[in-house]
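Peer 1: Just the structure for this:
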Amino acid sequence: MKILNLYACLGGNRYKWGDEHEITAIELDPELARMYKERFPNDTVIVTDAHQYLLDHYAEFDFIWTSPPCPTHSRARFARKSTTTPCYPSMMLYEEILFLENWFEGKWVVENVIPYYEPLIAAQKIGRHLYWSNFRLPNFVARYIDIENGGIAHLEKFHEIDLSSYKGEQPKNKIARNLVDFEAGKIILDTALGFMYKQNVEQTSLF
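Peer 2: Below you'll find the predicted structure:
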């Protein structure tokens, strides 16, 4: 199966997907892209704008996972509004949901934080994240991590990563906090594969 993993970071969601799929990862930060490639050498890693790549290449894939930037939607940012510069919530999130919903024929998932406002499009809450998709996600209890009180070592252990070689401009704790729990990533992909297999069987049985 051909998978597109957008805003890939260090592949938190991808960690337990295995190597039987053809995975293309899109990451804008060259340092994170380098580390992703070291972590998943069999994946194709492209340093470019994920939002534009989705528009240009969506039809080439069977399954798409996208995690658009979340800071402008974050409840944590809003809680600090007295010391934070006001900004509009980025509509890239909803652009991608609506685009995938209406244009993409495969299975897809959009992941983001729980926002400080009522989501404009209904989503499923799992742990600290919201998920939009075109297939029913299972109800499961996400692994818990205290991101507010745990330090960088705590986050690295939880996600099974090592950020010591990162030389980019992003704060390391921000990178680690943004990663999706790999157990959630595996459960969601397995669910998508199940729906796709069932769909293929049903289509085959028609002939």
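Peer 1: Could I get the pLDDT score of the closest residue in space to Asn13 that isn't next to it in sequence?
Peer 2: Nearest residue to Asn13 in three dimensions, chain neighbours excluded: Gly185, at 3.4 Å (Cβ to Cβ, 6 or more residues apart in numbering). For the C-beta atoms, the positions are set from N, CA and C on the backbone; glycine is no exception. pLDDT, Gly185: 95.
Peer 1: Gly185 and Leu179: what is the separation?
Peer 2: 9 Å (Cβ to Cβ, to the nearest Å).
Peer 1: Please apply the same query to Met91.
Peer 2: From Met91 to Leu179 the distance is 24 Å (Cβ to Cβ).
Peer 1: do Asp56 as well
Peer 2: 26 Å.
Peer 1: Comparing the two, which residue is more hemmed in?
Peer 2: More crowded of Asp56 and Leu179, by other Cβ atoms under 10 Å: Leu179, with 22 against 10.
Peer 1: List the contacts of that one.
Peer 2: Cys9, Leu10, Gly12, Asn13, Leu155, His159, Ile161 (Cβ atoms under 8 Å, 6 or more residues apart in numbering).
Peer 1: now Val180
Peer 2: Residues counted as contacts of Val180 (Cβ under 8 Å, 6+ apart) are Gly12, Asn13, Ser67, Glu111, His129.
Peer 1: Now Val47: closest residue in space, sequence neighbours ignored.
Peer 2: Ala33 (4.8 Å).
Peer 1: ok, back up a step: which neighbours do Gly185 and Leu179 have in common?
Peer 2: Shared contacts of Gly185 and Leu179, defined by Cβ under 8 Å, 6+ apart, comprise Gly12, Asn13.
Peer 1: just checking, Asp181 touches Gly127?
Peer 2: Yes - applying Cβ atoms under 8 Å as the test, Asp181 and Gly127 come out as touching, 6.6 Å apart.
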